[in-house]
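need the 3D shape of this:
(2 chains)
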There are 2 protein chains.
Amino acid sequence: MSPFTTQRRLAVTSLGEAKLIGEIRRWLSTASPRPPGGIGDDCAVLAGSMRDQLITVDPVIYGEHFDDSVPARGVGAKLFNRNLSDIASMGGRPRAAVIALALNEQVRLDWLREFYRSLATIARQHRVPIIGGDIAHHASGLIATMTIIGEAPEDRPLTRQGAAAGDWIFVTGTLGGSRLGWHYKFSPRLAEGQWLARHPHVRSMMDVSDGLAKDVHALTPNACRAALDGKALPISRSARKLATTSGVSPLHHALTDGEDYELLFTLSGKADPAAFIAEWREIFRRRLTCIGRFVKRRARSPYTDELDLASVHGFEHLR
Amino acid sequence: MSPFTTQRRLAVTSLGEAKLIGEIRRWLSTASPRPPGGIGDDCAVLAGSMRDQLITVDPVIYGEHFDDSVPARGVGAKLFNRNLSDIASMGGRPRAAVIALALNEQVRLDWLREFYRSLATIARQHRVPIIGGDIAHHASGLIATMTIIGEAPEDRPLTRQGAAAGDWIFVTGTLGGSRLGWHYKFSPRLAEGQWLARHPHVRSMMDVSDGLAKDVHALTPNACRAALDGKALPISRSARKLATTSGVSPLHHALTDGEDYELLFTLSGKADPAAFIAEWREIFRRRLTCIGRFVKRRARSPYTDELDLASVHGFEHLR
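Numbering: from 1, shown residues only, chains lettered A, B, ... in the order given. Reported below is the predicted structural model:
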């Protein structure tokens, strides 16, 4: 369904701003706290905490991150979950969210209702209240931008820095083909991220959003390369399905499609990858794969079938 | 200057995303901390604090909040200052900011440079580092959305709730005519807001963004009306100037133009407004005016020249 309509009585313009905010509160219901200090005040209020706070912001933009083929509930889920995935990728616990909505008067009320209801569902599921936001007019489109405040794990936020030559490279789940629906149906890997951040041998982490081939560079130490084992990559069923019609291989989909929202992390080279996977299996059923290792830039390959990352490119914005 | 160009070498597309982020870091310079945990990681990291945290989010949208007539530096200043004004209006201290930028490939690099440099200037001025953000493609426009995290005053965040019948209504500065330049040149009333939040007789507060006639309703207690003294309203020079050609009165401009970003607050009815203004004058040179009083809805007017707020309307979004 298109988020837009030319029928005035079905559109946002039939309400005006004040009534729209009232409706949003109703749609969010218990997912949004009462004032003072929630929706309707100049700022939202969040209790203090001595832990490091994590802040992430990501939008969903009509025509970029979704179109008429994605249901409104999927758009809401994508917005919330891609932000939660950023919190997960530093091992954090999400605490609260605010949303800035930019829209024109032709946006359908029933579309917005389903969008906010899906936000409310996820807010309750993860106990992340929506404590504030903003609504602004935007003649040419529909954009929702969410900011999430989270809390770092007790010891440290797990950043993208920290890997060294010899460290193992791991990824959760499977990769590729997200456009077949995964991009608005995935679950953020919050429990996994929190467990990994507490594990003493895990060195650095991020989530896979632009595609493994591009994202792995962000974890790669200076003067090193990411040697990925071509036989090890966990390729999704969607990647294989897409490859039957796309003209590119399942492997290429897995490396470049992006929006996988799986966790990509590194394990100390001194640790035993098999023992680590065994530890993981005691807690999580989700697939975990050791996909390679960081080696010195000109070092011999540890794999007979190392992937040539220079020949593939992940999603590049603004090109 | 238009933010857009069809000349490829002058536009964002000449760089691509990774290099653009590098440029943004350069433009922000010391206004943005180094990684880990700043721009370039999945989340920004902010140290913990036991005080209540304030969160506000507001965008600037091309065609809505600015156009080709506003210099890029003015757009940056407006974005930062309107968010700081929300922190000010709860008496808070701003701590850090993140920015989500949505733009197409035709945005001029020199426009963006000036925009980010003005953000950097304000970040340094108020010691509010820009600790993270996001860049996304948006075919039809240019939107920058800022989220600021601040800290509530020690005792309480000053919300919009709390006024009672008999309380005095005050406003800082002057009102009206902001479109003559004020909307991108104003200073957020941070020091004033912090002082007011500590004052035991101040009951509630907000900033004037949609126009006094509309905004004052948000502070008005149940079963009361805001009785505003028509003779007392501090009308700006810009409002008088606009009125010479607009066909409406300076008073109407002052009541409805919006984007004044002055503080509107209430003082206990038991306090003496003249004594309060004398206290203010010991610290601030900025104009402060007692503009009216909350009275029971059907009560006699305390003023011979009470404004008829029902007949004027402030800025209504989405209409």
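
distance check, A:Leu288 against chain B.
Remark: distance between A:Leu288 and chain B (C-beta to the nearest C-beta, to the nearest Å) = 19 Å. C-beta: built from backbone N, CA, C; applies to glycine.

who touches the residue sitting nearest the centre point of chain A in this structure?
Chain A has A:Arg82 as the residue nearest its centroid, 2.9 Å off, counting by C-alpha atoms, centre = their mean. Under the criterion of C-beta atoms under 8 Å, 6 or more residues apart in numbering or on different chains, the neighbours of A:Arg82 are A:Asp58, A:Val60, A:Pro188, A:Ser209, A:Tyr261.

let's have these in a markdown table, adding secondary structure and neighbour count.
Converted to a markdown table, the contacts of A:Arg82 look like this (DSSP: H, G, I helix; E, B strand; the rest coil; neighbours: other C-beta atoms under 10 Å in any protein chain shown):
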| residue | secondary structure | neighbour count |
| --- | --- | --- |
| A:Asp58 | strand | 25 |
| A:Val60 | strand | 25 |
| A:Pro188 | coil | 23 |
| A:Ser209 | coil | 23 |
| A:Tyr261 | coil | 25 |
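
backbone phi and psi for A:Ile122, please?
Backbone torsions for A:Ile122, taken as degrees, to the nearest 10, come to phi -70, psi -40.

can you pull the contacts of it?
For A:Ile122, counting by C-beta under 8 Å, 6+ apart, the contacting residues are A:Gly76, A:Ala77, A:Phe80, A:Asn81, A:Leu84, A:Val128.

try it again at 6 Å.
For A:Ile122, the contact set (C-beta atoms under 6 Å, 6 or more residues apart in numbering or on different chains) comprises A:Phe80.

likewise the one 10 residues further on?
Contact analysis of A:Gly132 by C-beta under 6 Å, 6+ apart lists A:Ile39, A:Ala44, A:Val98.

likewise A:Glu151?
Per C-beta under 6 Å, 6+ apart, neighbours of A:Glu151: A:Ser49, A:Arg51, A:Gly92, A:Arg93, A:Arg95.

check these and tell me the two furthest apart.
Maximum pairwise distance among these (C-beta to C-beta): 11.7 Å, between A:Ser49 and A:Gly92.

the two - which one has more neighbours?
A:Gly92 (31 against 15; other C-beta atoms under 10 Å in any protein chain shown).

gap between that one and B:Ala44?
Relative to B:Ala44, A:Gly92 is positioned 11 Å away (C-beta to C-beta, to the nearest Å).

and what of A:Pro153?
Per C-beta to C-beta, A:Pro153 is found 16 Å from B:Ala44.

can I get stretch A:152-172 as CSV, trimmed to CA atoms?
What follows is stretch A:152-172, C-alpha atoms only, in CSV (Å, rounded to 0.1, in the frame of the first residue of the first chain):
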residue,chain,number,x,y,z
ALA,A,152,27.0,0.3,27.4
PRO,A,153,27.9,-3.1,28.9
GLU,A,154,29.4,-2.9,32.4
ASP,A,155,33.0,-3.3,31.3
ARG,A,156,33.2,-1.5,27.9
PRO,A,157,31.3,-0.6,24.8
LEU,A,158,32.5,-2.9,22.1
THR,A,159,33.7,-0.7,19.3
ARG,A,160,35.0,-1.3,15.8
GLN,A,161,38.5,-0.8,16.9
GLY,A,162,40.5,-3.5,18.7
ALA,A,163,41.3,-6.3,16.3
ALA,A,164,45.0,-7.4,15.6
ALA,A,165,46.8,-9.5,13.0
GLY,A,166,45.9,-13.1,13.6
ASP,A,167,42.4,-12.5,15.1
TRP,A,168,39.5,-14.6,13.9
ILE,A,169,36.5,-13.1,12.0
PHE,A,170,33.0,-14.3,12.9
VAL,A,171,29.5,-13.6,11.7
THR,A,172,26.1,-14.5,13.1
